[in-house]
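Peer 1: the sequence and its predicted three-dimensional model are supplied below.
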Amino acid sequence: MDEVKIGRVYRHFKGNYYFVENIAYDSENMQRMVVYKPLYPREDNRNIWVRPEKMFLEEIPERPDNITGQKHRFELAQDLMKDYAQK
């Protein structure tokens, strides 16, 4: 994976789904940041998140909490192919 797709749904390796709102840029180093939100209710009302794109797409080591068996931290949800950014 090279770049995150805006307006698409990604699955985290722990199983939850997230919608990518946009790409932002760090004002200090121009690093690409992914702006995303959970597609499940959160009790803490933390509904908008950012993460460096490199980290968003990074390969993860084998770990017991990888319930999806994914190779990357976030992967495009193949079972949810609708492009929500298109009108």
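Peer 2: Cool, got the structure.
Peer 1: switch to C-alpha atoms for all contacts and neighbour counts from now on
Peer 2: Fine.
Peer 1: who does Val50 form a beta bridge with?
Peer 2: Val50 has these beta-bridge partners by DSSP bridges: Val35.
Peer 1: please enumerate the helices of this structure.
Peer 2: In the chain, the helices defined using DSSP state H lie at 53-56.
Peer 1: for the residue of the chain positioned farthest from its centre, what are phi and psi?
Peer 2: Outermost residue of the chain with respect to the C-alpha centroid, by C-alpha atoms, centre = their mean, is Glu28; its distance is 22.4 Å. Main-chain torsions, Glu28, degrees, to the nearest 10: phi -90, psi -40.
Peer 1: against Ile67, how distant is it?
Peer 2: Computed as C-alpha to C-alpha, to the nearest Å, the Glu28 to Ile67 distance reads 36 Å.
Peer 1: do the same with Lys37
Peer 2: 20 Å.
Peer 1: same drill for those two, tell me which one is more crowded.
Peer 2: Lys37 (17 against 11; other C-alpha atoms under 10 Å).
Peer 1: give me the nearest residue to that one, chain neighbours excluded.
Peer 2: Ranked by C-alpha to C-alpha, 6 or more residues apart in numbering and with sequence neighbours excluded, the top spatial neighbour of Lys37 is Ile48, at 4.8 Å.
Peer 1: what pLDDT does the one you found get?
Peer 2: Reported pLDDT at Ile48 in the predicted model: 96.
Peer 1: okay, now it: neighbour count?
Peer 2: 12.
Peer 1: one more: Val34?
Peer 2: Counted with other C-alpha under 10 Å, Val34 comes out at 25.
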